[in-house]
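J.: Build me a model from this:
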Amino acid sequence: MASDTGKAALAALDTILAQEPEPDQDLFSKTIRCLSVFRNALIETGQRTHLAHVNAVISVVMAGHFPLGKLPWEELHKARGWLAEVVE
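T.: Residues are numbered from 1 along each chain as shown. Have a look, this model is predicted:
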């Protein structure tokens, strides 16, 4: 289950990145929900070694959803890489 939810979270983040520079803000909410489900699946299955990475990705996506300035595209691309490492 964690693998499936991780792939869904990665796909959601890819959708945001594909819409650069003007993503649909609802996608951020969807992505955060997917990431939260993935994080919870990791906890439930005892795979806690990657929680720090997933929590960091959630933080970056939240920063994109509620930016204080320009959207942090560079950080979102980095977060995508971190998430891909955990999912794969």
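J.: so where's this protein uncertain?
T.: Low-confidence segments of the chain, defined by pLDDT under 70, are located at 1.
J.: Run through the strands of it in chain order.
T.: Using DSSP state E, no strands are assigned anywhere in the chain.
J.: May I ask you to name the longest helix in it?
T.: helix 25-44 (DSSP state H).
J.: What is it packed up against?
T.: helix 2-18, helix 51-65 (3 or more Cβ pairs under 8 Å, 6 or more residues apart in numbering; DSSP states H and E). Any C-beta I mention is one placed from the backbone N, CA and C, and that applies to glycine too.
J.: Make JSON lines from the ones you listed and add mean neighbour count to it.
T.: Below are the helices and strands packed on helix 25-44 laid out as JSON lines (neighbours: other Cβ atoms under 10 Å):
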{"stretch": "helix 2-18", "mean neighbour count": "18"}
{"stretch": "helix 51-65", "mean neighbour count": "18"}
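J.: For residue 87, find the nearest of those.
T.: Between residue 87 and the helices and strands packed on helix 25-44, the shortest separation by Cβ to Cβ is 3.9 Å, and it involves helix 2-18.
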